[in-house]
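# following is a predicted model, sequence given first.
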Amino acid sequence: MDKRSRLKEIKISGYKSLGTDTQPISLKMDTLNIIIGANGAGKSNFISFFQMLANMMTGALQIYVGKNGTSESLLQFGSKRTKMISASLVFENKIFTDTYEFSLVKAVNDTLIFAEEIISDGKNTFELSSGQKESFLLTDQATHASERAVKAILSGCKTFQFHDTSAEAHIRNAANIDNNRSLMSDGGNVAAYLYMLKKNHVQYYNRIVDHVRYVMPSFYDFFLEPQMLNPQWIKLQWVEKGNSEYVFGPEHFSDGTLRFIALATLFLQPPKLLPQVIFVDEPELGLHPQAVDVLASMVKKATESTQVIMATQSPRLLDSFDYKDIIVAEKDRETGCTMLDRLDEDEVKVWLEDYSLSQIWDKNIIGGQP
C-alpha cells in the first residue's frame, strides 16, 4: 500500500436494499474485492451507493436523488419503513486513519438532506453541520486538516459503468478535446482521454492499443485527431490492420469492443492517474470469453497501484482471482435486506481441492445463487 488512502471498512444502512441492521464489511486495501451474488441480491445497489457519494463530492446530491426516483426510492422500502440513510467509511494509509460518517433524512419535495456529518482522525472527532442539502465538505469553511484530507480521499473514489453503448451514448459521440483530466464514469470522454495519453504518456497509450489489438485482431490503431471543422471536438476513430486510408468511426465498434476499450483505458492508464479507489459494476458485460481473461489481467495490474471493488456475475472472471478476494451478496429471506459476507476459509479450501471457484459457486456451496 502506498501513501494514498484505501477504503478499509464500510457500513451502509438504509440505502436501497442495504438494511438498517447490516454489519460493517472489511475490505482488502492492497488488492481486489469482488462482489458476487444472484440478480436482485444487491450487488449493484452497493456499487450505486458510491455513485451517490461521487455526486455528493461534486455538489450534485440533489440531482442524484431526483434522477434516481427521489428519496422514496433510495430509502429502503420508503420513508415509512426507513427514516434515514447512514454510512461510515474508514480510510487508512501508512500514516493515518480517517473515518467519515453521515446521515441523510427525507425533506420536502421528496429529497434528502444531511442530518449529520462527522469526521474522526483517530484522536479527534469533528461534527461538521446538519440540515444542509449538500455536503459541508464542499464549503470554504473547513477548519481542520482532516476535513480537507477526507474531501480529497472521497473525491478520489470513482465509480465506473460502461454498459451504455447505444447510438446516443456519450462514448460513441464527439467529446470536447479538453475534457481529459480524468476518465468519465461512463467512458464518454475516452477519445479525449486517449488523445491526452498519446501526447503525454505514449508508453501507456501503446499498451492500451496492444490490448485492443489482442481482442479485436482487425484493429490496428486509433485515429485520434481534432475534427477539421470543429477542432475543439474529437471522436473515437480508428484504422484497421492493412488499410490505413479508410478511417472508421465509433459506430463501427461492436458494443463489447467499445466497452473493452473503456476498460483498458481505465485499468492501463499511468498509475499516478489512477483513482484512489475504483468501483466497477459488471465489467464483463458483452465481452468475448478471451476478452474476459484479458480484463482479469488488466485488473490485476491496476491493483498494484490502486484499490478495486468490482461486482460481477462472470464465472470465468471469478476463476481468475483468489477466494480471499470474494464478498458474497445475498438477500435475507426474512428481512429482504442485502447481506455482505466474506467466504469461510476452512470450508472453501476443502472444496477447492477438487473444484474451481466458479464450480463451487455454481453448486451454491458459497452462496450467491438464487
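Yep, that arrived.
# and the helices in the stretch 251-370 of the chain, which stretches?
Using DSSP state H, counting those that start in this stretch, the helices found in the stretch 251-370 of the chain span residues 255-267, 289-302, 315-318, 345-352, 357-362.
# hmm, who's touching the third one?
In other words, helix 315-318. With contact meaning Cβ atoms under 8 Å, 6 or more residues apart in numbering, helix 315-318 is reached by 34, 36, 283-284, 289, 292-293, 295-296, 312, 326, 357-358, 361-362. Every residue, glycine included, has its C-beta placed from N, CA and C.
# equivalent analysis for the longest one, please.
Contacts made with helix 289-302 from outside it, assessed by Cβ under 8 Å, 6+ apart, are listed as 32, 211, 214-215, 256, 260, 263-264, 266-268, 274, 278, 283-284, 287, 308, 310, 314, 316-317, 320-321.
# would you write a PyMOL line that selects the buried entries of those?
Of the contacts of helix 289-302, the buried ones can be selected in PyMOL as follows, counting by 16 or more other Cβ atoms under 10 Å:
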select buried, resi 32+211+215+256+260+263+264+266+267+268+274+278+283+284+287+308+310+314+316+317+320+321
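# is it true that Tyr100 touches Glu116?
No. Contact criterion Cβ atoms under 8 Å: Tyr100 and Glu116 do not qualify, at 11.4 Å.
# stretch 189-200: how far from the chain's middle?
With Cα atoms, centre = their mean, to the nearest Å as the basis, stretch 189-200 stands 21 Å off its chain's centre.
# residue numbering should commence at 51 henceforth.
Will do, 51 is the new start, and the previous item becomes stretch 239-250.
# now do it, average pLDDT.
For stretch 239-250, mean pLDDT rounds to 98.
# and for stretch 348-359?
Mean predicted confidence for stretch 348-359 is 96.
# so which bits of it are buried?
Residues of stretch 348-359 classed as buried: Met348, Val349, Ala352, Thr353, Thr356, Gln357, Val358, Ile359 (neighbour count, 16+ other Cβ under 10 Å).
# which residues does the last one bridge with?
Spelled out, that is Ile359. Asn83, Phe329 (DSSP bridges).
# do I have it right that Ala91 meets Arg383?
No. Using Cβ under 8 Å, Ala91 is not in contact with Arg383, being 11.8 Å away.
# more neighbours, those two?
Between Ala91 and Arg383, counting by other Cβ atoms under 10 Å, Ala91 is the more crowded of the two (24 against 7).
# residues contacting that one?
By Cβ under 8 Å, 6+ apart, Ala91 lies in contact with Ala379, Glu380, Lys381, Thr388, Gly418.
# which residue is the nearest non-sequential neighbour of the fourth one?
Spatial nearest neighbour of Thr388, chain neighbours left out: Gly92 (2.9 Å); criterion: Cβ to Cβ, 6 or more residues apart in numbering.
# ok, how many other residues are close to that neighbour?
Applying other Cβ under 10 Å, we find 26 residues neighbouring Gly92.
# which residues touch it?
Counting by Cβ under 8 Å, 6+ apart, Gly92 makes contact with Lys66, Ser67, Leu68, Ala379, Lys381, Thr388, Leu390.
# got it, and Cys207?
Contacts for Cys207 (Cβ under 8 Å, 6+ apart) come out as Leu57, Phe100, Leu103, Ala104, Pro325, Gln326, Val327, Phe329.
# doesn't Arg231 make contact with the fifth one?
Which is Pro325. No. Judged on Cβ under 8 Å, Pro325 makes no contact with Arg231 at a distance of 11.9 Å.
# follow-up on the earlier one: neighbour-wise, which of the contacts of Cys207 leads?
Most neighbours among the contacts of Cys207, by other Cβ under 10 Å: Phe329, with 27 neighbours.
# contacts only, for that one.
Contacts of Phe329 (Cβ under 8 Å, 6+ apart): Ile97, Phe100, Cys207, Lys208, Thr209, Phe210, Ile359, Met360.
# for the stretch 201-350 of the chain, which spans come out with low pLDDT?
For the stretch 201-350 of the chain, no stretch has pLDDT under 70.
# secondary structure class for the nearest residue to Phe96 once chain neighbours are set aside?
Distances taken as Cβ to Cβ, 6+ apart place Ile85 nearest to Phe96, at 6.3 Å, with adjacent residues excluded. Of the three states, Ile85 takes strand according to DSSP: H, G, I helix; E, B strand; the rest coil.
# Ile85: what's it in contact with?
Lys93, Phe96, Ile97, Ile359, Met360, Ala361, Thr362, Ile377, Val378, Ala379, Leu390 are the contacts of Ile85 under Cβ under 8 Å, 6+ apart.
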